[in-house]
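Undergrad: 3D model of this:
(one chain, ligands or ions: 2)
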Amino acid sequence: MTRQVGRNESCWCGSGKKYKRCHWNRENQSPIPVWSAADAFKAAHSQCLCLAPQNLASACSGKIVKAHTVPRSGSLKRIAKDGHVYGWSFSDLNKRANHQGIPQPTRIGLNIASTFMGFCDAHDNAIFKPVENEKFVFSPEQCFLLGYRALAYEKYMKDAQANSINIIRDVDKGWSLNHQISHQNGVALYTHGVTAGQRDIDEDKSFYDNVLTSEDYSSMRSYIVKFEKTPTIMCSGRLAPIYDFTGALLQDGCDPNVKLRHLSLNSFASGDGGAVVFTWLEDSDNVCVPFARSLHATDHAILADTLTRLMFENLQNIYWSPTWWDNLPDESKAALIKRFADATDLTKPIDPQALAPDGRSYNDWGNAEIQALGFELQ
Ligand SMILES: [Zn+2]
Ligand SMILES: [Zn+2]
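TA: Ligands and ions are numbered 1, 2, ... in the order given. I've put the predicted structure just below:
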């Protein structure tokens, strides 16, 4: 069928280019070296820009800074070993290819871990001062800012993904026609997800920008778990809960016309221990309140395990303690890696029971103290 496309018609792959400039004769073209695709991918994820709202009182100034998303610079340091933590190095295509597509935890330096180039120096300081330089008292403003930065980070990454699509589209040069077709089907699925994700996050960003500039936190919700010990996993990201912790459906993850409701998830060191904080806005109550209540109904004695599963299942921007990881049984490591691998595989349907206990003990972060802001726990 593909051979019947006219050379001047749009290519069958959906790139929008003419067939003669896209997939015509692609099986005989030189393959793109993996390192070259990886470099282009990395460049797309290293753009400098400031995501502060336009209507802030102060204008951008200073250069774009490498800002940490994991709140409080001391957090990563506390779990590091020899200046490094473990994390997912998403741009390391070579390494993943060498392990049959299975992601491999990578040692990442503290200066790089969790950073992105999404705010100018002035705005990074001004906006995030209450979470970086002031004592963390779990105020609505501080909890909101955790959510705001996780959202800014995700917007930055979504835009980078969109900018990378043309790179991914072209890696089938020199492949057989059948392989090209299956690759392009995958690209189409990915593009669809990225476009819908961009649309949702742009809308959320405008809501969050309003809260930031008005300083009215009445629509902000938080579910806070304070732990006696420092969590061995530090994260900052957003997730759209599809099922709750019992497997009950919360929202339709398949209909591209329905906006997915998100919440942010952050963990960090605080005092002698640490905390895990979920944040969302009122417009997502219908999904996020039942999700938080379902988490609240789980066994509090094993909350650290439940949260470990949730983090590995949903977040890419997560960093963990080498000391903890290196002492974990191999089967437990494999189970957590599999959660991340399955979540990043768009062709795999989501398992409704994914967040249910898996019989493994991963972490002990000591006693948990829970607090809710802006909503009732039951
Ligand atoms: Zn094409
Ligand atoms: Zn700025």
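Undergrad: which parts of the stretch 51-200 of the chain sit against ligand 2?
TA: 52, 60, 120, 123 (Cβ under 5 Å from the ion). Quick note: C-beta positions are derived from backbone N, CA and C, even for glycine.
Undergrad: the closest residue to the first one other than its chain neighbours: neighbour count?
TA: Using Cβ to Cβ, 6 or more residues apart in numbering and skipping the chain neighbours, the partner closest in space to residue 52 is residue 123 (3.9 Å). Summarising burial for residue 123: neighbours were counted as other Cβ atoms under 10 Å, giving 23.
Undergrad: what's the answer for residue 360, then?
TA: 14.
Undergrad: and the pLDDT for the residue nearest to it when sequence neighbours are not counted?
TA: Computed as Cβ to Cβ, 6+ apart, the closest residue to residue 360 that is not its neighbour in sequence is residue 332, at 5.3 Å. pLDDT for residue 332: 97.
Undergrad: the chain: strands as residue ranges?
TA: For the chain, the strands defined by DSSP state E cover 64-68, 84-88, 105-109, 115-120, 220-227, 233-239, 263-270, 273-281, 318-320, 368-373.
Undergrad: how about these in TSV, adding mean neighbour count?
TA: Listed next are these as TSV, based on neighbours: other Cβ atoms under 10 Å:
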stretch	mean neighbour count
strand 64-68	20
strand 84-88	22
strand 105-109	16
strand 115-120	22
strand 220-227	22
strand 233-239	26
strand 263-270	25
strand 273-281	25
strand 318-320	24
strand 368-373	15
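Undergrad: among these, which is nearest residue 192?
TA: strand 233-239 (18.9 Å; Cβ to Cβ).
Undergrad: identify all contacting residues around that closest one.
TA: The contact list for strand 233-239, computed with Cβ atoms under 8 Å, 6 or more residues apart in numbering, reads 69-71, 75-76, 79, 85, 114, 146, 149-151, 153-154, 262-269, 307-308, 310-311, 314-321, 363.
Undergrad: the helices in the stretch 1-150 of the chain, which residues?
TA: Using DSSP state H, counting those that start in this stretch, the helices of the stretch 1-150 of the chain run over 34-44, 74-79, 93-98, 121-132, 140-169.
Undergrad: which elements pack onto the last one?
TA: Using 3 or more Cβ pairs under 8 Å, 6 or more residues apart in numbering; DSSP states H and E as the contact test, the elements touching helix 140-169 are helix 34-44, strand 115-120, helix 121-132, helix 177-214, strand 220-227, strand 233-239, strand 263-270, strand 273-281.
Undergrad: how about a markdown table for those, with distance to residue 295 and mean pLDDT added?
TA: Formatted as a markdown table, the helices and strands packed on helix 140-169 follow (distance: least, Cβ to Cβ, whole Å; pLDDT from 0 to 100):
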| stretch | distance to residue 295 | mean pLDDT |
| --- | --- | --- |
| helix 34-44 | 34 | 78 |
| strand 115-120 | 27 | 92 |
| helix 121-132 | 23 | 93 |
| helix 177-214 | 21 | 92 |
| strand 220-227 | 7 | 98 |
| strand 233-239 | 12 | 96 |
| strand 263-270 | 11 | 96 |
| strand 273-281 | 8 | 97 |
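Undergrad: so which of the ones you listed comes closest to residue 342?
TA: strand 233-239 (14.2 Å).
Undergrad: for ligand 2, see how far away the nearest residue to residue 342 once chain neighbours are set aside is.
TA: Of all residues not flanking residue 342 in the chain, residue 348 sits nearest, at 5.4 Å (Cβ to Cβ, 6+ apart). According to Cβ to the ion, to the nearest Å, residue 348 stands 39 Å off from ligand 2.
Undergrad: residue 348 reaches residue 339, doesn't it?
TA: No - in this structure, residue 348 is not within contact of residue 339 by Cβ atoms under 8 Å, at 11.3 Å.
Undergrad: these two: which is more packed in?
TA: residue 339 (21 against 10).
Undergrad: surely that one and residue 354 touch.
TA: Yes - here residue 339 reaches residue 354: they are 7.5 Å apart, a contact under Cβ under 8 Å.
Undergrad: if I look at the two, which residues touch both of them?
TA: Counting by Cβ under 8 Å, 6+ apart, the residues touching both residue 339 and residue 354 are 309, 313.
Undergrad: where does the stretch 251-378 of the chain have low pLDDT?
TA: By pLDDT under 70, the weakly predicted segments of the stretch 251-378 of the chain are 346.
Undergrad: can you map out the helices along it?
TA: Under DSSP H, counting those that start in this stretch, the stretch 251-378 of the chain gives helices at 285-296, 303-314, 322-326, 330-344.
Undergrad: state the distance from residue 270 to ligand 2.
TA: Separation of residue 270 from ligand 2 (Cβ to the ion) stands at 27 Å.
Undergrad: which residue is the nearest non-sequential neighbour of that residue?
TA: residue 136 (4.9 Å).
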